[in-house]
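Peer 1: Quick one: sequence and predicted model below, then my questions.
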Amino acid sequence: MELQQMYIDGRWVNAQSGNTRDIINPYNQEVIATAVEGDESDAKAAIAAARQAFDQGDWKNTSATERGKIVRKIADFIERDKEELAYLESLDTGKTVEESRGDMDDIAGVFHYYAEIADKDGGEIIESPLPNSISKVVHEPVGVCGQITPWNYPLLQASWKLAPALVTGNTLIMKPSEITPLTTVKVFKLIEEAGVPAGVANLVLGAGSTTGAELSESKDVDLISFTGGIATGKKIMKAATDNVKKTALELGGKNPNIIFADTDFETAVDQAMNGVFFHAGQICSAGTRLIVEESIHDQFVEALVNRVKNIKLGSGFDDDTQMGPLISKEHLNKVIDYVETGKKEGVTVEVGGKQPEDPELQDGFFYLPTVLTGCTTDMDVVQEEGFGPVITVEKFSTEDEAVQLANDSIYGLAGAVFTNNIAKAERCAQAMRMGTVWINEMNVYFPHAPWGGYKQSGIGRELGKLGLEEYQETKHILQNIKPEPLNWF
Ligand SMILES: NC(=O)c1ccc[n+]([C@@H]2O[C@H](COP(=O)([O-])OP(=O)(O)OC[C@H]3O[C@@H](n4cnc5c(N)ncnc54)[C@H](O)[C@@H]3O)[C@@H](O)[C@H]2O)c1
Ligand SMILES: C[N+](C)(C)CC=O
């Protein structure tokens, strides 16, 4: 594969230092590509290009219709190159190629959605209390946007930032996770092909502590939009204070899934599995905290365990693989430590709880799908985001208790409730302090609906109209149409 380069001011460039980084396939640890490894100096060059393009370029004054057309082209190109993108995403992350194809459909959908709504906002005339005046509210781009993305959904998370930033007339610098840059590099080629002017969209590659930190700290960046872990989010928020940047944070989750006894049993078991073992649980909104009504707890756990034993681990490119590896050795070790913590806290490992022994999986970063019972809210395994194929099971006996357990968390990203009593489901959904609540559903998201977290799961929203507004300033323009002296002084 060709060297993965940065895209700065309309040119594909190497790092100023000349450094590079090997990109590793998590299935077998083979080097799949080499990427240039930028640092602060490359990030500064990209910020300068974005600043110049915003302050002196035409992008912000290009009509929203025209910007929408260009963003629509990006969507079309993603559809055209879907197979290549899906291949790269699976190679880089280990997820099944079927999942990656689904991601690519979602990603094209995000670019289409924002292309479509780009020119639907003509501002608003509002009532003015002053005589002879016109009062107007308009939206304008924020300016230069830093965008930092994680490794679990590399291109999906990038699309949630790129599409709204571009249609609203901002300029941007994106920094993908240093371990999964492949699809983001490819999409910048499509951005170039679609005719986005030089300097408007810039790509830097490199570690968070260098390139990412520079984007968060720089006084020339007006907005920082970050998706990733809570610890990094806190650092970014602190770094952003210096020039009071706008800050949008999409952070982690520890997402409860409440199962009432009156639910459709088989559906709830199936959805609970999907909710946590999809992409080996490396999903911010994974339903890793199962909260089951006491009367069906044992039966539910038994059904879950029986099915979990049959999950097929393997290469994302094999048709029968249901779950791929974890992203890296470092992350695998975190998941191992997380489960060991649970064991020390007294949980029962019903299934899994270790790495697989299958000789074919020894080169990859695999961990067995794991079910832990006997869990209580005071345990670290229940409170911390494990970000692996591990589900903790708690019991409840009343609706109030279920909601109270679900809300007992520093996180508030997403949650689910399974019941056939819709009034009860609605009451729970209202009481659950989370940015998304699914009723008899799990892990669904689409461009029209806002996504984001309550509490420490983040600040702001992506997707939907709110996801567009993150990239806009709001201006009130008041015009006196019959100016006269006030004669006050
Ligand atoms: N809320 C959401 O929508 C959402 C979506 C996907 C992932 N996530 C969260 O992301 C986390 C997993 O992703 P991760 O391990 O890549 O997260 P991470 O925080 O380690 O890294 C995310 C990005 O931040 C960069 N970074 C690291 N240190 C930095 C610093 N000091 N300054 C600036 N940038 C820095 C990294 O290089 C990477 O690009 C999980 O917690 C998951 O829940 C949240
Ligand atoms: C936001 N989502 C669900 C696509 C990915 C979270 O990790």
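Peer 2: Nice, thanks for sending it over. Ligands and ions are numbered 1, 2, ... in the order given.
Peer 1: any idea how far the residue lying closest to Ile230 once chain neighbours are set aside is from ligand 1?
Peer 2: Leaving out its chain neighbours, the residue that sits closest to Ile230 by C-beta to C-beta, 6 or more residues apart in numbering is Leu251, at 4.7 Å. Just so you know, the C-beta spots here come from the backbone N, C-alpha and C atoms, and that holds for glycine as well. Distance of Leu251 to ligand 1, given as C-beta to the nearest ligand atom, to the nearest Å: 6 Å.
Peer 1: Any idea how many residues pack against Leu251?
Peer 2: Number of residues near Leu251 (other C-beta atoms under 10 Å) recorded here: 27.
Peer 1: what does Lys82 give?
Peer 2: Other residues near Lys82 come to 17 when the count uses other C-beta under 10 Å.
Peer 1: sorry, back to before: what sits against the residue nearest to Ile230?
Peer 2: The neighbours of Leu251, taking C-beta atoms under 8 Å, 6 or more residues apart in numbering as the test, are 227-230, 233, 284, 411, 413, 453, 456-458.
Peer 1: Equivalent analysis for Met104, please.
Peer 2: Residues near Met104 by C-beta under 8 Å, 6+ apart: 78-79, 82, 85-86, 89, 155.
Peer 1: Skipping adjacent residues, who's closest to it in space?
Peer 2: Distances taken as C-beta to C-beta, 6+ apart put Lys82 closest to Met104, at 4.6 Å, once the chain neighbours are dropped.
Peer 1: show me the contacts for that neighbour.
Peer 2: Going by C-beta under 8 Å, 6+ apart, Lys82 touches 101, 104-105, 108.
Peer 1: with those residues in mind, which one is nearest to Thr62?
Peer 2: Ala108 (22.4 Å; C-beta to C-beta).
Peer 1: I figured that closest one was touching Leu85, is that so?
Peer 2: No. The criterion here is C-beta atoms under 8 Å, and Ala108 misses it with Leu85 at 9.4 Å.
Peer 1: Common neighbours of those two, please.
Peer 2: Shared contacts of Ala108 and Leu85, defined by C-beta under 8 Å, 6+ apart, comprise Ile78.
Peer 1: dump the residue contacts of whichever residue of the stretch 101-250 of the chain sits closest to ligand 2.
Peer 2: Nearest residue of the stretch 101-250 of the chain to ligand 2: Tyr153, at 4.5 Å (C-beta to the nearest ligand atom). Tyr153 is in contact with 103, 283, counting by C-beta under 8 Å, 6+ apart.
Peer 1: quick one, domains of the chain?
Peer 2: What the TED database lists as the domains of the chain is 3-251+457-476, 256-439.
Peer 1: a markdown table for those domains, including mean pLDDT?
Peer 2: Listed next are the domains of the chain as a markdown table, based on pLDDT from 0 to 100:
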| stretch | mean pLDDT |
| --- | --- |
| domain 3-251+457-476 | 98 |
| domain 256-439 | 98 |
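Peer 1: Please enumerate the helices of the stretch 151-300 of the chain.
Peer 2: 154-167, 182-193, 213-217, 230-239, 265-277, 294-308 (DSSP state H, counting those that start in this stretch).
Peer 1: residues from the stretch 101-250 of the chain in reach of ligand 1?
Peer 2: Applying C-beta under 6 Å from any ligand atom, one finds that the stretch 101-250 of the chain approaches ligand 1 through 148-153, 157, 175, 177-178, 207-209, 212-213, 216, 227-229, 232, 235-236, 250.
Peer 1: What number of residues are in the vicinity of the residue of the stretch 351-489 of the chain found nearest ligand 2?
Peer 2: The nearest approach of the stretch 351-489 of the chain to ligand 2 comes at Tyr445, 5.5 Å away (C-beta to the nearest ligand atom). If you count neighbours by other C-beta under 10 Å, Tyr445 ends up with 17.
Peer 1: then stretch 205-213 to PDB, C-alphas only?
Peer 2: What follows is stretch 205-213, C-alpha atoms only, in PDB (Å, rounded to 0.1, in the frame of the first residue of the first chain):
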ATOM      1  CA  LEU A 205      -1.600  12.300  11.000                       C
ATOM      2  CA  GLY A 206       0.200  11.600  14.300                       C
ATOM      3  CA  ALA A 207      -0.100  11.000  18.000                       C
ATOM      4  CA  GLY A 208      -2.700  12.700  20.100                       C
ATOM      5  CA  SER A 209      -0.100  14.100  22.500                       C
ATOM      6  CA  THR A 210       1.500  16.000  19.600                       C
ATOM      7  CA  THR A 211      -0.800  16.800  16.700                       C
ATOM      8  CA  GLY A 212      -4.000  16.500  18.700                       C
ATOM      9  CA  ALA A 213      -2.700  18.600  21.500                       C
END
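Peer 1: So which bits of it are buried?
Peer 2: Buried residues in stretch 205-213, counted by 16 or more other C-beta atoms under 10 Å: 205-208, 210-213.
Peer 1: Next: stretch 392-401.
Peer 2: Of the residues in stretch 392-401, 392-396, 399 count as buried by neighbour count, 16+ other C-beta under 10 Å.
Peer 1: again with stretch 362-376
Peer 2: Using 16+ other C-beta under 10 Å as the test for burial, stretch 362-376 gives 364-375.
Peer 1: Of the residues you listed, just say which sits nearest to Gly68.
Peer 2: Relative to Gly68, the closest of these is Phe365; by C-beta to C-beta it sits at 41.0 Å.
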